[in-house]
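Colleague: my questions concern the predicted model and sequence given below.
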Amino acid sequence: MRRALAFGLVGAQFVLLAALVFLPRGTLWPVSGIVVAVAVVVVAAGLLLAVLGLVGLGPALTASPIPKQNASLVTGGVYAVVRNPIYTGLLAGGVGLTLLGDSVWHIVAWLSLVLLLSFKTRWEERMLLAEHAEFADYAARVGRFLPGIGRLRKR
């Protein structure tokens, strides 16, 4: 059951990202050269952050939100700035794609991605709390998706 939910969430995440790429363009705002430039920078920054997060996990990397057993808790590098840099990168990239898509459907897809990754993160972090005693202190210091925002309160 847990594995099915994990891979269902990952699958839904990829469907939403694909939707942001392939949905037809809208006409909510003019997509000027400045909008394109901002979107490209935001997508590139998001991609860079996600790649740094992937590389930073090293042997703890898994496609599933279920943490690998006996893997160390990663708190250095980009993980010293935000707890979920891969998800932050995906959300940033989604903002850029939404700017380029300029449709209500792009906004809906991006907001759905925000909700999905928020749920996925909270579930993953409950498992990390159970697996790593030091996660509570780490999560109290470091923001969830943005620096300083979404820190967990110490109990």
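Modeller: Here it is on my side, so go on.

Colleague: okay, how far is it across stretch 52-64, tip to tip?
Modeller: In terms of CA to CA, to the nearest Å, the two terminal residues of stretch 52-64 are separated by 18 Å.

Colleague: i'd like the first residue to be 597 from this point on
Modeller: In the new numbering, first residue 597, that becomes stretch 648-660.

Colleague: which outside residues touch it?
Modeller: Applying CB atoms under 8 Å, 6 or more residues apart in numbering, the contact partners of stretch 648-660 are 599, 602-603, 606, 663-664, 667-670, 672-675, 680-682, 684-685. Just so you know, the C-beta spots here come from the backbone N, C-alpha and C atoms, and that holds for glycine as well.

Colleague: got it, and stretch 604-613?
Modeller: By CB under 8 Å, 6+ apart, the list of residues contacting stretch 604-613 from outside reads 659-661, 686, 689-690, 705-706, 708-709, 712-713, 715-716, 719.

Colleague: would you mind writing the PyMOL command to select the buried ones in those?
Modeller: Isolation of the buried members of the contacts of stretch 604-613 (16 or more other CB atoms under 10 Å) is achieved in PyMOL through the command below:
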select buried, resi 661+686+689+690+705+706+708+709+712+713+716+719
